[in-house]
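Need coordinates for the following:
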Amino acid sequence: MLLEREDIAPDTADKGGRTPLFYTAGKGHAPVVKMLFEREDVSPDAADEKDRTSLMCAAARGHDGVVDTLLVPGDVTPYTPDKEGETAVTWALEGGHKRIAEILLNEDLGVAELTSRAGLARASGQDQGALKRPLEKPDSVSQPVGSTPQ
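Next up is the predicted model:
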């Protein structure tokens, strides 16, 4: 197998900062994500040039199996924003992936303070003032907005 070779660096990024983990997460290849994620020489929270992570990419594209795999060890931070202020939660909401948003919101990390209120407002079609009260369920997404991380 290619990953068993010593001359292969599985965490090497392309010119946009995307790693093999980022690409496989975005394509929804959960078994390959698991294999890469379990390696010590792969950074699970690596970000591309736009500060987008593998978790954001998987969440935006609706790959719930990959999201589950990335969240299990607790090595990824689901509420770290990218350069536009979006998080994995807001990418999931913008993509219309309610189940993934619920999985991410169930992470006990202080959602109200750590997610992007502006991104949640855009994704839900609400004004930002409406998001100042505690989040219950992200079921108000009417249609996807924006583009997915690439």
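
didn't residue 36 look like it was pressed against residue 23?
No. Residue 36 is not in contact with residue 23 according to CB atoms under 8 Å; the separation is 9.9 Å. C-beta: built from backbone N, CA, C; applies to glycine.

Of these two, give the one with the bigger neighbour count.
residue 36 (24 against 16; other CB atoms under 10 Å).

so is the more buried one in a helix, a strand, or just coil?
helix (DSSP: H, G, I helix; E, B strand; the rest coil).

For residue 96, see how far away it is.
Remark: distance between residue 36 and residue 96 (CB to CB, to the nearest Å) = 27 Å.

go on, residue 13?
Taking CB to CB, one finds residue 13 at 29 Å from residue 96.

now do residue 16
Residue 16 sits 25 Å away from residue 96, taking CB to CB as the criterion.

just residue 12 next, same as before
Counting by CB to CB, the gap from residue 12 to residue 96 is 33 Å.

between the two, which one's more packed in?
residue 96 (15 against 8).

Show the pLDDT at the residue nearest to residue 17 when sequence neighbours are not counted.
Once flanking residues are discounted, residue 17 sits nearest to residue 48: 3.7 Å by CB to CB, 6 or more residues apart in numbering. Per-residue confidence at residue 48 stands at 95 (pLDDT).
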